[in-house]
Every structure is written in structure tokens, then in C-alpha cells.
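>>> Using only what follows, build the 3D model:
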Amino acid sequence: MPISNVARALQSRALRDTLAGIASQSASERVAAQFAICDVPLTELLYNPVIPYEQDDVTRLIVDSHDAGAFAPISHLTVGGFRDWLLAAESAELCRCGPASPRKWQRQ
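Sure, this is the predicted structure:
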């Protein structure tokens, strides 16, 4: 990916975080947040979203399309453990945790 695309993606993420009211105010605050979220269980984020369901399209998408069977193999992980798992996992293992039907994600 060209560096200009990376920069745009980072700026876009920062803007989304600011609009959502969850942006860090400094680099040290951002690093502290990264360390803190590392130990949060994935189930905590699923059952207690950071941004309320009623206020966020992405939260609604996650909750409404949640596949408990696909989530089960990774449900015991923390955010940091999930990151490590993603970086080490083979593609077949990743596919097992995907949606049951790829058509579920296609536009109607």
C-alpha cells in the first residue's frame, strides 16, 4: 500500500475517533489506551460496546450479524490475544471463524 494511502487511512481513523468522541488527546494517552485495551476480553466488547448500539452503524452491524458459532473458537481471547492469533493464524483457521454464509455480507 502506498504511503499516501496509509496516511489517509490514519487521518480517516483519527477523524472517526474524534467524531465518535473516543480520540486520544496525546501520543502518550494513545499508547496507554493501546495497553489498556490489550487485556480486554473480546466478549466484553461484544456485550458492552464502546459506542451504544442506538448511536453507531458499525456497532449495530456487529451485534445484528454476530455468529456465535463462528465466534466460539476465539471467544476466550483478549484484544491483544486476538491480534496475536490473527498474525499467526493460517487462512483455513481464519475461514472457520468467518460468517457461515458469505452471501450474508453481500448487498441486497
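
>>> For stretch 36-56, buried residues please.
Neighbour counts over stretch 36-56 (16 or more other Cβ atoms under 10 Å) mark 42, 45, 49 as buried. Yep, even glycine has a C-beta here, placed from its N, CA and C like the rest.

>>> okay, now the nearest residue to the last one once chain neighbours are set aside: neighbour count?
This means residue 49. Distance criterion Cβ to Cβ, 6 or more residues apart in numbering; nearest residue to residue 49, sequence neighbours excluded, is residue 59 at 4.6 Å. Using other Cβ atoms under 10 Å, residue 59 has 16 other residues around it.

>>> now whatever helix or strand residue 59 lives in: mean pLDDT?
Per DSSP states H and E, residue 59 falls inside helix 57-64. Helix 57-64 carries an average pLDDT of 90.

>>> can you check stretch 85-99 too?
77.

>>> Give me the distance from it to the chain's centre.
With Cα atoms, centre = their mean, to the nearest Å as the basis, stretch 85-99 stands 15 Å off its chain's centre.

>>> before we move on, what about stretch 80-88?
12 Å.

>>> In it, which residues are buried?
residue 82.

>>> thinking again about what came up before, just the residues contacting the helix holding residue 59, thanks.
46, 49-53 (Cβ atoms under 8 Å, 6 or more residues apart in numbering).

>>> Adding secondary structure and distance to residue 96, write those residues out as CSV.
What follows is the contacts of helix 57-64, written out as CSV (DSSP: H, G, I helix; E, B strand; the rest coil; distance: Cβ to Cβ, whole Å):
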residue, secondary structure, distance to residue 96
46, helix, 18
49, coil, 24
50, coil, 27
51, coil, 28
52, coil, 31
53, helix, 27
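
>>> and which of these is nearest residue 66?
Using Cβ to Cβ, residue 46 comes nearest to residue 66 of the contacts of helix 57-64, at 6.8 Å.

>>> By mean pLDDT, flag the weakest helix or strand of this structure.
Sorted by mean pLDDT, DSSP states H and E, the helices and strands of the chain end with helix 3-20, the least confident at a mean of 60.

>>> Distance from the chain centre to the helix or strand following it, please.
Note on helix 3-20: by DSSP H and E, the next helix or strand toward the C-terminus is helix 27-38. On the basis of Cα atoms, centre = their mean, helix 27-38 is displaced by 15 Å from the centre of the chain it belongs to.
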